[in-house]
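> A predicted structure for the sequence below; I have some questions about it.
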Amino acid sequence: MMPGQATIAPEVVACISEGRDPSDAELLRVAGQIWTDIRGARSAFAWGELTADSSERLLSLRAARGALAGG
């Protein structure tokens, strides 16, 4: 993959094509990928180091839920 190119996570394709809600694991994987794509290289914290109530973690989770729902 070329730098700067976005990919669609297989979890997003599966949830949308199957018309189902994501599992917790799928949600966390997609949120982690969103975090890495957007902030990973510029952040002092890796995805796994963010606290559960971190505003950046919550924003990534909301974005992942929207992506997984096809919204």
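Received, thanks.
> tell me the contacts of D53?
Taking Cβ atoms under 8 Å, 6 or more residues apart in numbering as the contact definition, D53 lies against nothing. In this view, the C-beta of every residue, glycine as well, is placed from N, C-alpha and C.
> can you check the one 10 residues further on too?
A63 makes contact with 31, 34 under the criterion Cβ under 8 Å, 6+ apart.
> change the start of the numbering to 35 and stick with it
Sure, I'll start numbering at 35, so the last one becomes A97.
> quick check: which element contains D55?
For D55, there is no enclosing helix or strand under DSSP states H and E.
> and it, how far is that from F79?
Here the criterion is Cβ to Cβ, to the nearest Å. By it, D55 lies 28 Å from F79.
> which of the two has more neighbours?
The neighbour comparison of D55 against F79 (other Cβ atoms under 10 Å) goes to F79, with 14 against 11.
> ok, the more buried one - contacts?
Applying Cβ under 8 Å, 6+ apart to F79 gives the contacts S88.
> again, but for S94
The contact partners of S94, by Cβ under 8 Å, 6+ apart, come to 65-66, 68-69, 72, 81.
> next step: these restricted to strands.
Counting by DSSP state E, the contacts of S94 place none of their members in strands.
> nearest to S89, of those?
Here the nearest of the contacts of S94 to S89, counting by Cβ to Cβ, is W69; it sits at 12.2 Å.
> which non-adjacent residue is nearest G66?
Here the nearest residue to G66 in space, its sequence neighbours aside, is W81; by Cβ to Cβ, 6 or more residues apart in numbering that works out to 4.3 Å.
> and for A43?
In space, A43 is closest to V64, 5.1 Å off (Cβ to Cβ, 6+ apart).
> follow-up on the earlier one: so which of the contacts of S94 are in helices?
When DSSP state H is applied, the contacts of S94 are split such that 65-66, 68-69 fall in helices.
> how about those, which pair is most distant?
With Cβ to Cβ as the measure, no two of the ones in helices among the contacts of S94 lie farther apart than G66 and I68, at 7.3 Å.
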